[in-house]
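>>> Pasting a predicted model and its sequence here:
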Amino acid sequence: MGKPTGFKEYDRELAGKRPVKERIKDFKEVYQSFPKEKLKEQAARCMDCGVPTCHAGCPLGNIIPDWNDFVYQDQWQDALVQLLLTNNFPEFTGRLCPAPCEEACVLAINEPAVTIEQIEKEIIEHAFDRGWIKPEPPHQRTDKSVAVIGSGPAGLACAQQLNRAGHAVTVFERADRIGGLLRYGIPDFKLEKRVLDRRLEIMQQEGIRFEAGINVGVDITSEDLSRFDATVICTGATIPRDLPIPGRELNGIHFAMDFLTRQNRLTAGDDLTAFGLNPINARDKHVAVIGGGDTGSDCIGTSIRQKARSVTNFELFPKPTGNRPDNQPWPFWPLKLRTSTSHEEGCRREWGILTKEFIGAGGRVVKLITVDVEFVISGQGRTEMREMEDTTREWPADLVLLALGFTGPESNTVVSGYGLELDARGNIQTDNNHMTGIPGVFAAGDSHRGQSLIVWAISEGREAARWVDVYLMGTSELPSKGGGDLPRV
């Protein structure tokens, strides 16, 4: 390493955030730019650790110490080359990934981890600013064609890899714009859509064809795609988990993604009525967000920007500790307390609480009933949830957002059209090479793995592309899967 003692000399430091009072007035990104000299100091904290466990912590197998060292040495183009060897879209992961690599960092055993994600983002943004990111169409085309269904991170990564192999790739997306979850699921305060559009323009110039507004299995059939030599299903896990309790039928109770999608359309300047959508607005409402994950956090930040009267976040599980739990030692991914930028903007967080009933007036939800719960080990050694006596409470709620995760891919379109089998978890079943029971039909991303991280979606898309290439050509020069299964998030 360029500065073996850097981790002793510099403290962990991240980019600054726009002040809360300023940023809640718009949907622009929260984080500010990071000075290059400061970034070099952060890169210098990367240790000459011998066994870089961050490699295993990253599902993409990013070669992290190498590009950290190049940043410290001010060799930005070399850093970029190393970064792009394993990651198609560091501008996305550098903004959206929870950074399991940092939890696996050797320095994190007893010190704050290296700011890997921040460095990753700054490398790619520096490259875009300098004009280094240019279209790279393949030097030679094959006579093979591939259809990719779904334009989220898995579909885009798969498409780019297959295009690099020389195949003619067409990406089908049922929404009116390309991007999938990146477009309509992630708020602009985390990912401004100019960042997505910038990448899509490059991919188009590389020869990838995008077909938006086409719902495969509805608008066209699997037979219509038989003209392609292979098909990859990257439709995501889009069935939201519901909360079937008394009062669920009341107006004012919505799935989180319906709420977030509408706001993303408004941010893009859309007229919701043109898409047959009614607005969902938190203005002057008591908002209850049920679910404590990233989607719930996004609902909190969006509700605050819509000028909600109050926002309360309900989480079923007990409040985690701020430190790594004893039963989740380094380098495993720990379940510890995490506070997002949305949480910082003003919400009440309730832990160990179960929603029992929605109460309405005039057909609309006005409050909800909860009970506190605890998790205990039963006589059979199983963890059981028990409701605690005399803990029933009422909460005002004019708007309820269900952010309870997703159960799997929709089965009434692509899955049924191809007659695909689902595994025990409700995901598309494949062999070890991502191919379903239908020859030439593959699956990747959340539709195959289940709800997971963006970095896993990109990893799955890359790996599926390699096996499609092997299926079509008998061999492949595309890279094999990097990273390990250490931090299963």
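Happy to help now that I have it.

>>> so after whichever helix or strand residue 374 is part of, what's the next helix or strand?
Here residue 374, judged by DSSP states H and E, is contained in strand 364-377. Per DSSP H and E, the first helix or strand lying C-terminal to strand 364-377 is strand 383-387.

>>> Does anything pack onto the next helix or strand after that following strand? Which helices or strands?
As assigned by DSSP H and E, the chain's next helix or strand after strand 383-387 is strand 393-396. Counting contacts by 3 or more Cβ pairs under 8 Å, 6 or more residues apart in numbering; DSSP states H and E, strand 393-396 packs against strand 286-290, strand 364-377. For every residue, glycine as well, the C-beta is placed using N, CA and C.

>>> Mind checking the pLDDT average for the last one?
By that I understand strand 364-377. What strand 364-377 shows for mean pLDDT is 97.

>>> just checking, what packs against that strand?
Using 3+ Cβ pairs under 8 Å, 6+ apart: strand 364-377 touches strand 353-361, strand 383-387, strand 393-396, strand 399-402.

>>> quick one, phi psi at the residue of the chain most remote from its centre?
The centre of the chain is farthest from one residue, residue 390, which by Cα atoms, centre = their mean lies 38.6 Å away. Dihedral pair for residue 390: phi 60, psi 40, per degrees, to the nearest 10.

>>> for the stretch 101-250 of the chain, which spans come out with low pLDDT?
Regions of the stretch 101-250 of the chain meeting the criterion pLDDT under 70 are absent.

>>> In it, what residue spans correspond to strands?
Assigned by DSSP state E, counting those that start in this stretch, the strands in the stretch 101-250 of the chain fall at 145-149, 168-173, 209-212, 230-233, 239-240.

>>> Quick one: closest of the ones you listed to residue 462.
Nearest to residue 462 among these is strand 230-233; the distance by Cβ to Cβ comes to 11.4 Å.

>>> outside of that closest one, which residues touch it?
Contact with strand 230-233 is made by 144-150, 155, 158, 162, 222, 225, 409, 414-415, 418, 420, 428, 434, 436, 440-444, 447-448, 461, 464-465, 468, 471-472, as judged by Cβ atoms under 8 Å, 6 or more residues apart in numbering.

>>> Distance of the residue farthest from the centre of the chain relative to residue 137?
Distance, residue 390 to residue 137, by Cβ to Cβ, to the nearest Å: 68 Å.

>>> could I get the strands of the stretch 101-250 of the chain as JSON lines with mean neighbour count and distance to residue 346?
Formatted as JSON lines, these follow (neighbours: other Cβ atoms under 10 Å; distance: least, Cβ to Cβ, whole Å):
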{"stretch": "strand 145-149", "mean neighbour count": "27", "distance to residue 346": "40"}
{"stretch": "strand 168-173", "mean neighbour count": "24", "distance to residue 346": "35"}
{"stretch": "strand 209-212", "mean neighbour count": "16", "distance to residue 346": "36"}
{"stretch": "strand 230-233", "mean neighbour count": "27", "distance to residue 346": "40"}
{"stretch": "strand 239-240", "mean neighbour count": "17", "distance to residue 346": "26"}
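
>>> Columns distance to residue 396 on top of these, output as TSV?
Below are the strands of the stretch 101-250 of the chain laid out as TSV (distance: least, Cβ to Cβ, whole Å):
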stretch	distance to residue 396
strand 145-149	43
strand 168-173	39
strand 209-212	41
strand 230-233	43
strand 239-240	24
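
>>> Figure out which of those strands is closest to residue 368.
Across the strands of the stretch 101-250 of the chain, closest to residue 368 is strand 239-240 (Cβ to Cβ), at 18.0 Å.

>>> chain center to the longest helix seen in the chain: distance?
For the chain, the helix with the greatest residue count under DSSP state H is helix 454-473. Mean C-alpha position of helix 454-473 versus that of the full chain (Cα atoms, centre = their mean, to the nearest Å) differs by 18 Å.

>>> That one packs against which elements?
By 3+ Cβ pairs under 8 Å, 6+ apart, helix 454-473 packs against helix 90-96, helix 153-164, strand 230-233, strand 441-443, helix 446-449.

>>> out of those, which comes closest to residue 6?
Taking Cβ to Cβ, helix 90-96 is the member of those nearest to residue 6, at 20.9 Å.

>>> neighbouring contacts of that closest one?
29, 60, 83-84, 87, 117-118, 120-125, 128, 153, 182, 186, 190-191, 195-196, 198-199, 454-455, 458.

>>> re the thing from before, please identify the deepest-packed of the helices and strands packed on strand 393-396.
strand 286-290 (a mean of 27; mean count of other Cβ atoms under 10 Å).

>>> quick one: strands adjacent to that strand?
Sheet partners assigned to strand 286-290 using DSSP bridges are listed as strand 310-315 (parallel), strand 399-402 (parallel).

>>> Comparing those, which comes out most buried?
Mean neighbour counts for the strands paired with strand 286-290 (mean count of other Cβ under 10 Å) peak at strand 399-402, with a mean of 27.

>>> helices or strands up against the helix or strand just after that strand?
Using DSSP H and E, the next helix or strand after strand 399-402 towards the C-terminus is strand 406-408. The helices and strands touching strand 406-408, judged by 3+ Cβ pairs under 8 Å, 6+ apart, are strand 239-240.

>>> one more time with 10 Å, if that's ok
strand 239-240, helix 446-449 (3 or more Cβ pairs under 10 Å, 6 or more residues apart in numbering; DSSP states H and E).

>>> can you pull the buried residues of it?
Within strand 406-408, the residues that count as buried by 16 or more other Cβ atoms under 10 Å are 406, 407, 408.

>>> next one: stretch 422-439
For stretch 422-439, by 16+ other Cβ under 10 Å, it's 426, 427, 428, 430, 434, 435, 436.

>>> Low-confidence bits of the stretch 351-489 of the chain, can you list those?
Ranges of the stretch 351-489 of the chain meeting pLDDT under 70: 481-489.

>>> Report how many residues lie close to the nearest residue to residue 155 once chain neighbours are set aside.
Nearest in space to residue 155, with sequence neighbours left out and distances taken as Cβ to Cβ, 6 or more residues apart in numbering, is residue 234 at 3.5 Å. By other Cβ atoms under 10 Å, 31 other residues sit near residue 234.

>>> check contacts around residue 234.
Residues near residue 234 by Cβ atoms under 10 Å, 6 or more residues apart in numbering: 148-159, 171-172, 180, 409, 442-448, 457, 460-461, 464.

>>> With residue 435 instead?
Neighbouring residues of residue 435 by Cβ under 10 Å, 6+ apart: 230, 232, 441, 442, 443, 464, 467, 468, 470, 471.

>>> same thing but 7 Å
By Cβ atoms under 7 Å, 6 or more residues apart in numbering, the residues touching residue 435 are 441, 442, 467, 471.

>>> Kindly report the same for residue 394.
With Cβ under 7 Å, 6+ apart, residue 394 has these contacts: 367, 369.

>>> Same check on residue 28?
Applying Cβ under 7 Å, 6+ apart, we find residue 28 in contact with 188, 189, 192.

>>> if we go to 10 Å?
Contacts of residue 28 (Cβ under 10 Å, 6+ apart): 18, 22, 188, 189, 192, 267.

>>> what ranges do the helices span in the stretch 101-250 of the chain?
Applying DSSP state H, counting those that start in this stretch to the stretch 101-250 of the chain gives helices spanning 116-129, 153-164, 181-184, 193-205.

>>> would CSV of those helices with distance to residue 67 and mean neighbour count be doable?
Shown next, in CSV, are the helices of the stretch 101-250 of the chain (distance: least, Cβ to Cβ, whole Å; neighbours: other Cβ atoms under 10 Å):
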stretch, distance to residue 67, mean neighbour count
helix 116-129, 6, 21
helix 153-164, 19, 28
helix 181-184, 23, 22
helix 193-205, 19, 16
